[in-house]
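1. Sharing a model prediction with you, sequence too.
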Amino acid sequence: MAVDLVIFDCDGVLVDSERISVRVGTAAVRRLGWSIDEEEYAERFVGSSNEYWSEQLGETPPGWRERLNAEYAEAIKAELCAVAGIEAALDRIGLPSCVASNGRHATIRRSLEITGLAWRFEGRVFSAEDVAEGKPAPDLFLHAAATMGALPERCVVVEDSPVGVTAAISAGMRCLAFAGGLTPPARLSGLGATVFHDPVTLPDLISSMH
């Protein structure tokens with residue numbers, strides 16, 4: 001089946017934000033009294049929507065979320081960069097592409113602008129804000145595909161989290177999972193994704209799916 005559209009997650013696939021997010025997020029959740037390490041935090045929260053966060057954490061003290069957002073924004077501004085090798089890969093992928101992330105539009109835009117990737121996806125960025133349910137529901141990927149005029153079975157999703165892989169497979173799309181983050185590769189492949197370890201290999205992997 002030919003590939004008509006490549007859908008990229010943002011955090012951990014295009015921008016190297018996952019480790020920053022996990023470090024800041026783990027510290028914030030610990031302030032709520034949770035006994036949680038970075039590995040467990042990554043498994044439970046990486047890639048999840050704001051609604052899922054609220055559901056898991058329940059009511060939080062006044063100012064807690066604002067402090068978390070401020071700490072994250074500060075760390076992102078100081079440390080964020082594009083995932084190593086992804087720009088070279090994007091240069092070689094000659095197919096229509098877009099971004100579909102559980103983040104808010106403002107957050108996605110900030111991350112893409114800081115890393116110099118925004119121009120590559122101008123007008124083709126989709127957020128969980130656009131749909132009823134974010135990942136792991138398939139809604140976001142299906143919305144992106146429909147807006148871009150591509151059938152689900154002719155889309156390839158590039159992800160790095162269990163939440164994202166689950167959403168892609170549920171949407172009836174093929175999924176390539178980057179194992180450069182915090183999730184064990186076996187966890188990603190076990191959910192139905194084809195795992196890759198270096199973005200340089202991504203264009204050839206996509207071409208082989210034609």
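-> Looks like it arrived, so ask away.

2. Return the helix or strand in this structure with minimum mean pLDDT.
-> helix 50-57 (a mean of 84; mean pLDDT, DSSP states H and E).

3. OK, contacts around the residue nearest to Thr147 when sequence neighbours are not counted?
-> Closest residue in space to Thr147, ignoring its immediate chain neighbours: Phe126 at 7.1 Å, by CB to CB, 6 or more residues apart in numbering. The way it works is simple: take the backbone N, C-alpha and C, and place the C-beta from them, glycine included. Each residue near Phe126 by CB atoms under 8 Å, 6 or more residues apart in numbering is listed here: Cys98, Val99, Ala100, Ser101, Leu140, His143, Ala144, Thr147.

4. Compare the residues you listed and tell me which has the most neighbours.
-> Ala100 (34 neighbours; other CB atoms under 10 Å).

5. ok, which stretches of this structure are helices?
-> In the chain, the helices defined using DSSP state H lie at 18-30, 38-45, 50-57, 64-79, 86-92, 105-114, 139-148, 162-170, 185-190, 202-207.

6. winner for burial among these?
-> Here the criterion is mean neighbour count by mean count of other CB atoms under 10 Å, and of these the winner is helix 162-170, at a mean of 25.

7. can you state the direction angle for that one and helix 50-57?
-> Per axes from the mean of the first three to the mean of the last three CA atoms, to 10 degrees, the angle that helix 162-170 makes with helix 50-57 is 130 degrees.

8. Are there helices or strands packed against helix 162-170, and which ones?
-> The helices and strands touching helix 162-170, judged by 3 or more CB pairs under 8 Å, 6 or more residues apart in numbering; DSSP states H and E, are helix 139-148, strand 155-159, strand 174-178, helix 185-190.
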